[in-house]
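Enquirer: Here you go, sequence then predicted model.
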Amino acid sequence: MITSAHKMKVTICVLVLGWCCCLWAQTLVPNCCPQNPTKEKQQALWKKLQDHIANIDADLDGSMGVAIRDLTSGETFLLHGDDIFPQASSIKIAVLAELYDQEQRGRHGDSGVARLADLYTVRIEDMVPDSAIMLGLTPGVTRVTNRDLATMMIAVSDNSASNVLIDRVGMPNVERMLSGLGLKHTHLQRKMMDLEAARQGRENVSTPREMMTLLEVLYRNKLLDKELTSDFFKMLATPKDSSIPKLLPADVVIANKPGELEAVRNDSGIVFVPNRPFVISVLTTYLRDERAGQQAISDIALAAYQYFDRLGRSSEYGRAVPPSTNK
């Protein structure tokens, strides 16, 4: 006969057993799986890109600096990112930025600033070598706007047009703008083709990180309003012979400015990959073979493009999702 005391013992045993099972389950489940998923797939791809760049750097007979930033996530890669490199014509990005900044101030009522529509009459005394367009214009007769000069400076790196713009915006104003953006190692210290200034050590310089930062500041409308930012990058995206676009698809928009001097090859810009734009600055110096420097820049730009294009076309799980065909 089952007594009430026996029933009570059975009930207590069942409760204790259930409590123990609950404790066991609670200790087992948390140890099974992490609370939040990892993102090791993307990190593995990013690491492969870095390794590939390191291999290109190792194979180059010269010195290289690289800065790449994902404009979506902010993830950044730097190789000798804070070393100072001669900029050659890549410094013209800063001259263009100052011209557009003065245009913006003029629209807000400031006087004594350069405007895009201001006219300039070609003068023979302003001519210097490597000026493919300006040297073909008629001094004293031909009139062009500051916008025209900027187009020559960016599209064909016309040195005479660049020097005229430097005079018109003011070299100290370019320096002031760069300093105001916190760019401590980016300097416009001479005009184009001023070999005497170069011999004196007055070189136009920057670092990979600071060229990347200048372009990101412009991209994020921190210097110019949206209208002028759009116009700035439209100007900078004028098609040109340069290393970053060389191996990339022809339909990708690339706003960049290359530069070259003896033993120096550079290129800095933004590659507008759909859904995943990125900034890239590749600076090379001490080159034994300048063509090898250009090829290294092109190879790094291609590797970066392939990485960001893959992310831009994929879901967070890595599936490449076809674009919508709905009208």
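Expert: Yep, it's here.

Enquirer: Hmm, residue 114 is touching residue 168, no?
Expert: Yes - counting by Cβ atoms under 8 Å, residue 114 does reach residue 168; the two are 4.8 Å apart. All C-beta spots, glycine's among them, are computed from the backbone N, C-alpha and C.

Enquirer: Would you mind listing the residues touching both of these two?
Expert: 99, 146 (Cβ atoms under 8 Å, 6 or more residues apart in numbering).

Enquirer: Could you check how far the most centrally placed residue in the chain is from residue 216?
Expert: By Cα atoms, centre = their mean, the chain has its centre lying nearest to residue 279, at 2.1 Å. Applying Cβ to Cβ, to the nearest Å, the value for residue 279 to residue 216 is 6 Å.

Enquirer: Same check on residue 115?
Expert: Distance from residue 115 to residue 216, by Cβ to Cβ: 26 Å.

Enquirer: ditto for residue 34
Expert: From residue 34 over to residue 216 (counting by Cβ to Cβ), the distance is 33 Å.

Enquirer: low-scoring pLDDT stretches of this protein, where are they?
Expert: 1-31, 324-327 (pLDDT under 70).

Enquirer: how about the helices in it?
Expert: Using DSSP state H, the helices of the chain run over residues 4-32, 40-59, 92-107, 146-155, 159-169, 171-180, 195-199, 208-219, 226-236, 290-313.

Enquirer: elements contacting the fifth one?
Expert: Identification of packing neighbours for helix 159-169 by 3 or more Cβ pairs under 8 Å, 6 or more residues apart in numbering; DSSP states H and E yields helix 92-107, helix 146-155.

Enquirer: what's the angle between the shortest one and helix 92-107?
Expert: What it means is helix 146-155. Relative orientation of helix 146-155 and helix 92-107, computed by axes from the mean of the first three to the mean of the last three Cα atoms, to 10 degrees: 160 degrees.

Enquirer: Now do the buried residues in stretch 107-117.
Expert: 113-116 (16 or more other Cβ atoms under 10 Å).

Enquirer: Could you do stretch 283-293 as well?
Expert: So stretch 283-293, judged by 16+ other Cβ under 10 Å, has buried residues 283-285, 287, 290, 292-293.

Enquirer: swap in stretch 82-92?
Expert: Quick answer for stretch 82-92 (16+ other Cβ under 10 Å): 83-92.

Enquirer: okay, how far is it across that stretch, tip to tip?
Expert: Length of stretch 82-92, first residue to last, Cα to Cα, to the nearest Å: 20 Å.

Enquirer: and of the helices of the chain, who's closest to residue 271?
Expert: helix 290-313 (6.0 Å; Cβ to Cβ).

Enquirer: what helices or strands is the closest one leaning on?
Expert: helix 40-59, strand 63-70, strand 264-271, strand 278-285.

Enquirer: What separation is there between residue 300 and residue 244?
Expert: 9 Å.

Enquirer: actually residue 263, not the one I wrote
Expert: The separation that residue 263 has from residue 244, given Cβ to Cβ, amounts to 20 Å.

Enquirer: Between the two, tell me which one has more neighbours.
Expert: residue 244 (28 against 16; other Cβ atoms under 10 Å).

Enquirer: The residue lying closest to residue 307 once chain neighbours are set aside: neighbouring residues, count only.
Expert: Excluding the flanking residues, the one nearest residue 307 by Cβ to Cβ, 6 or more residues apart in numbering is residue 49, at 4.7 Å. Close neighbours of residue 49, defined as other Cβ under 10 Å, add up to 17.

Enquirer: if we can go back for a sec, shared neighbours, residue 300 and residue 244?
Expert: With Cβ under 8 Å, 6+ apart, residue 300 and residue 244 have common neighbours 280, 282.

Enquirer: Check which residues of stretch 142-162 are buried.
Expert: So stretch 142-162, judged by 16+ other Cβ under 10 Å, has buried residues 144, 146-162.

Enquirer: which other residues reach that stretch?
Expert: Here stretch 142-162 has contacts from 89, 92, 95-96, 99, 114-122, 126-135, 137, 164-165, 168, 191-193, 235-236, 238-240, 257-258, using Cβ under 8 Å, 6+ apart.

Enquirer: switch to 6 Å and redo it
Expert: 89, 92, 96, 99, 114, 116-122, 126-128, 130-134, 164-165, 192-193, 235, 238, 240 (Cβ atoms under 6 Å, 6 or more residues apart in numbering).

Enquirer: end to end, how far does that stretch reach?
Expert: Across stretch 142-162, the terminal residues are separated by 17 Å (Cα to Cα).

Enquirer: Repeat that for stretch 66-75.
Expert: Stretch 66-75 has an end-to-end distance of 14 Å (Cα to Cα).

Enquirer: Go through that stretch and flag the buried ones.
Expert: 66-71.
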